[in-house]
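Trainee: Please work out how this folds:
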Amino acid sequence: MTTPTPTTDGPSPGLRRVGLYATLVALALIFLVPLVWMVITSLKTYTAAQQIPPSWLPNPLAGYGYEQILNNSANPVLRWFINSMVAATLHSALVLVTASMAAYALARLKFRGRGVTFALIVGTLFIPPTSLIIPNFLIVDQLNWIDTLAVVVVPGAASAFGVFFLRQFFLSLPNELEEAATLDGANQWQIFYKVVLPLSRPALATLAVLSFLTNWNDFLWPIFVLFSPEKLTLPPGLGLLQGSYVTDYPVIMAGAVLASLPVLILFVLAQRHIIQGVSRSGLKG
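Mentor: Next comes the predicted model:
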C-alpha cells in the first residue's frame with residue numbers, strides 16, 4: 001500500500017520569498033524615484049530642466065541651482081536652514097521633557113482623575129490643528145513672540161501624541177526594576193531619571209525624530225507668525241523661490257535637496273531606535 005504524497009496549499013516558500021522581495025523592491029522604487037529625480041533636476045541647467053521629454057541624466061552637469069540658493073542675498077536659504085535646525089532641535093528637546101514627565105506620571109503614579117486626565121489629553125488629538133491657529137496667534141502676540149524664534153519652538157511643545165506614545169512604552173517596562181530601585185533608597189525623581197529614562201532610549205529617540213520632522217516640515221504656522229525674511233524657516237522660505245511667472249526647477253529642487261538632507265541623515269542614524277520604540281510602545285495598554 002502506497003502512502004499518498006502530501007500536497008501543499010499555495011505557493012512554495014521559495015516562490016513566496018521571491019514575491020516578497022519583488023514587492024519590497026517595488027515599494028522602494030516608489031519612494032526612491034522621486035528623491036533621485038529631485039537630485040538629478042537640482043544638477044541641471046535651467047534650459048535642461050525645461051526639456052520635453054525630460055532626461056534622466058543632467059547634461060551638462062551644473063551646480064546652477066545650488067549657486068542661486070547659496071549666493072542669493074534676497075533669499076537667504078542658509079539662514080532659513082539654520083533657523084529651521086535650531087527651531088526643530090529646541091522643539092524636540094522641549095517635547096521630550098514635557099512628554100516624558102507627563103507620561104511617567106500617567107503610567108506609574110497613582111492619583112485621582114488619572115484616567116480622565118489621560119482621556120482628555122488623547123482627546124485633543126482629534127482637534128484639527130488649523131482650528132487652533134487664531135487662538136495660538138493671539139496668545140503668542142500677547143507674549144510678544146511674533147517674528148521671533150520662540151514662536152516656532154514653544155507652541156506645540158506640550159505634545160499629546162508624545163504623552164500617549166511614551167506612556168504606552170513606560171507601561172511595557174517591568175515594575176520590578178522600579179521596586180528594586182525603591183528598595184535601594186531611590187526617590188521617585190531618581191527612579192524616573194536613572195532607571196526609566198535610560199531604558200526608554202528607543203522610545204525617546206523615536207519621539208525626538210517625529211517631533212523634529214513635525215517642526216522641520218511645518219509650513220502653515222510660520223507663515224502666520226514670521227514676517228522678516230531673515231527670520232523665516234526653510235519650508236515657507238522655499239516657497240519664495242517660486243517665481244510669479246516662471247518656475248526655476250533647478251533652484252527649487254536644490255532647495256528641496258537641502259531641506260531633505262537633515263531628515264534623511266537623522267532617519268538613517270535613528271532607524272534602529274525607531275523600530276525598537278514603535279515595536280515596544282504597543283505591547284501594553
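Trainee: how about the CA coordinates for stretch 159-166, as CSV?
Mentor: Only the C-alpha atoms of stretch 159-166 are listed here, as CSV (Å, rounded to 0.1, in the frame of the first residue of the first chain):
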residue,chain,number,x,y,z
SER,A,159,2.6,67.1,22.7
ALA,A,160,-0.5,65.0,23.3
PHE,A,161,0.9,62.3,20.9
GLY,A,162,4.2,62.3,22.8
VAL,A,163,2.4,61.7,26.1
PHE,A,164,0.4,58.9,24.7
PHE,A,165,3.4,57.3,22.9
LEU,A,166,5.7,57.4,25.9
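Trainee: Tell me how many other residues crowd V195.
Mentor: Using other Cβ atoms under 10 Å, the number of residues around V195 comes to 17. Bear in mind the C-beta positions are built from the backbone N, C-alpha and C, glycine included.
Trainee: got it, and P198?
Mentor: P198: 9 neighbours (other Cβ under 10 Å).
Trainee: what does P13 give?
Mentor: A total of 9 residues lie near P13 under the criterion other Cβ under 10 Å.
Trainee: List the residues that contact it.
Mentor: Residues counted as contacts of P13 (Cβ atoms under 8 Å, 6 or more residues apart in numbering): none.
Trainee: Also R108?
Mentor: Residues in contact with R108 (Cβ under 8 Å, 6+ apart) are F170, E178, V196.
Trainee: So which of those wins on neighbours?
Mentor: F170 (23 neighbours).
Trainee: Surely it is in contact with A103?
Mentor: Yes. Under the criterion of Cβ atoms under 8 Å, F170 makes contact with A103 at 5.8 Å.
Trainee: ok so, going back, reformat the contacts of R108 as JSON lines; add distance to M38.
Mentor: Listed next are the contacts of R108 as JSON lines, based on distance: Cβ to Cβ, whole Å:
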{"residue": "F170", "distance to M38": "39"}
{"residue": "E178", "distance to M38": "48"}
{"residue": "V196", "distance to M38": "41"}
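Trainee: ok, the residue nearest to V152 when sequence neighbours are not counted to W221 distance?
Mentor: Of all residues not flanking V152 in the chain, A87 sits nearest, at 4.7 Å (Cβ to Cβ, 6 or more residues apart in numbering). Noted for A87: a distance of 11 Å to W221, by Cβ to Cβ, to the nearest Å.
Trainee: same question for stretch 68-81, mean pLDDT?
Mentor: Mean pLDDT, stretch 68-81: 81.
Trainee: Kindly report the same for stretch 221-229.
Mentor: Mean predicted confidence for stretch 221-229 is 90.
Trainee: Give me the buried positions along that stretch.
Mentor: Neighbour-count burial for stretch 221-229 flags W221, P222, V225, L226 (criterion: 16 or more other Cβ atoms under 10 Å).
Trainee: and what of stretch 150-163?
Mentor: Under 16+ other Cβ under 10 Å, the buried positions of stretch 150-163 are V151, V152, V153, V154, P155, G156, A157, S159, A160, F161, G162, V163.
Trainee: Quick one: mean pLDDT over that stretch.
Mentor: Throughout stretch 150-163, pLDDT has a mean value of 91.
Trainee: What of stretch 194-205?
Mentor: 88.
Trainee: Dump the contacts of R108 to a markdown table, plus secondary structure and distance to F126.
Mentor: Below are the contacts of R108 laid out as a markdown table (DSSP: H, G, I helix; E, B strand; the rest coil; distance: Cβ to Cβ, whole Å):
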| residue | secondary structure | distance to F126 |
| --- | --- | --- |
| F170 | helix | 23 |
| E178 | helix | 32 |
| V196 | helix | 28 |
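Trainee: which one of these is nearest A259?
Mentor: F170 (33.6 Å; Cβ to Cβ).
Trainee: Contacts only, for the closest residue in space to the closest one that isn't next to it in sequence.
Mentor: Nearest residue to F170, sequence neighbours excluded (Cβ to Cβ, 6+ apart): A107, at 3.8 Å. Counting by Cβ under 8 Å, 6+ apart, A107 touches L166, R167, F170, L171.
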